[in-house]
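Asks: Sequence below, structure please.
(2 chains)
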Amino acid sequence: NAGVTQTPKFQVLKTGQSMTLQCAQDMNHNSMYWYRQDPGMGLRLIYYSASEGTTDKGEVPNGYNVSRLNKREFSLRLESAAPSQTSVYFCASSKAQGGEKLFFGSGTQLSVL
Amino acid sequence: AQSVTQLDSQVPVFEEAPVELRCNYSSSVSVYLFWYVQYPNQGLQLLLKYLSGSTLVESINGFEAEFNKSQTSFHLRKPSVHISDTAEYFCAVNPGGFKTIFGAGTRLFVKA
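Replies: Okay, here's the model as predicted:
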């Protein structure tokens, strides 16, 4: 049972380059999320998708775009990477909102030089 | 706005000693409360959660947390820690929507 799968695991970009982080879940979950993790700041929500066909901004959406391609897949795009976007990115999914637990992928470590 | 404060960034403790990781949250509404654990180079995993009912919740590996509404706290405790408990622990709150708010994390370091 794969759960939540993220690719790539590591990436180094130069300032201004673009890239897409891929995420897929095989648990038939309705909701999917992208978080970033920075030292001393915990996890901050970038974007989320409550259900297939919908996306909404989280706490720190600037500089990012997302696509809910289908129920399984939710991608995060950096159009013009900046050093401030150096972080560890986690995709997560849940059955629904509120008290449902989040299932996390193993993360993507991104460095922007 | 919701916020979560984890009062200790690092907690070193000897093996078999008790430990408490402290968490306070600010909210004027009822919330769901969670503790997640992150082992090195992995994603977060749910440790335990409080939805309603009994204020004391337990996990399968010996951790417990007590919901205190008057103090808006949800501290995590374990009476005897193991080396394998070394990890980072995150307290989180959700008011019922899609936005789960995480604390900054507490690194638990268990020494032999």
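Asks: make it CA atoms for all contacts and neighbour counts henceforth
Replies: OK.
Asks: Point out where the chain drops to low pLDDT.
Replies: No chain in the question, so chain A it is. Across chain A, residues meeting the criterion (pLDDT under 70) sit at A:1.
Asks: wait, chain B
Replies: Short version for chain B, where the test is pLDDT under 70: B:28.
Asks: Near chain A, which residues of it are found?
Replies: Residues of chain B lying close to chain A (C-alpha under 8 Å from any C-alpha of the partner chain) are B:9, B:32-33, B:41-46, B:51, B:90, B:94-105.
Asks: Sort out for me which of the residues you listed are in strands.
Replies: B:Y32, B:L33, B:L44, B:Q45, B:L46, B:F90, B:N94, B:I101, B:F102 (DSSP state E).
Asks: Pull the most distant pair out of those.
Replies: Using C-alpha to C-alpha, those span at most 17.3 Å, a distance reached by B:Y32 and B:L44.
Asks: still on that earlier bit, are any of the residues of chain B next to chain A buried, and if so which?
Replies: Among the residues of chain B next to chain A, the ones that count as buried by 16 or more other C-alpha atoms under 10 Å in any protein chain shown are B:32-33, B:43-46, B:51, B:90, B:94-95, B:98-105.
Asks: And the residue nearest to the spatial centre of chain A, how close does it get to chain B?
Replies: Nearest residue to the geometric centre of chain A (C-alpha atoms, centre = their mean): A:W34, 2.7 Å. According to C-alpha to the nearest C-alpha, to the nearest Å, A:W34 and chain B sit 11 Å apart.
Asks: follow-up on the earlier one: among the ones in strands among the residues of chain B next to chain A, which one sits closest to A:L21?
Replies: Within these, the smallest distance to A:L21 is 18.2 Å, found for B:L44 (C-alpha to C-alpha).
Asks: Report the separation between the closest one and B:F14.
Replies: Distance from B:L44 to B:F14, counting by C-alpha to C-alpha, to the nearest Å: 24 Å.
Asks: B:K69: neighbour count?
Replies: 11 (other C-alpha atoms under 10 Å in any protein chain shown).
Asks: Phi, psi for it please.
Replies: The phi/psi pair for B:K69 (degrees, to the nearest 10) reads phi -70, psi -40.
Asks: how near is it to B:K78?
Replies: 21 Å.
Asks: Check A:T15 too.
Replies: Distance from A:T15 to B:K78, by C-alpha to C-alpha: 45 Å.
Asks: So which of those two has more stuff around it?
Replies: A count of neighbours by other C-alpha under 10 Å puts B:K78 above the other of A:T15 and B:K78, at 19 against 15.
Asks: That one contacts B:E66, doesn't it?
Replies: No - judged on C-alpha atoms under 8 Å, B:K78 makes no contact with B:E66 at a distance of 11.5 Å.
Asks: so how far does stretch A:22-37 reach from one end to the other?
Replies: With C-alpha to C-alpha as the measure, stretch A:22-37 spans 17 Å from end to end.
Asks: got a list of what residue 95 touches?
Replies: All of this refers to chain A. By C-alpha atoms under 8 Å, 6 or more residues apart in numbering or on different chains, the contact list for A:K95 reads A:N28, A:H29, A:N30, A:S31.
Asks: try chain B instead
Replies: Residues near B:P95 by C-alpha under 8 Å, 6+ apart: A:G98, B:V29, B:S30, B:V31, B:Y32.
Asks: same thing but 6 Å
Replies: Applying C-alpha atoms under 6 Å, 6 or more residues apart in numbering or on different chains to B:P95 gives the contacts B:V31.
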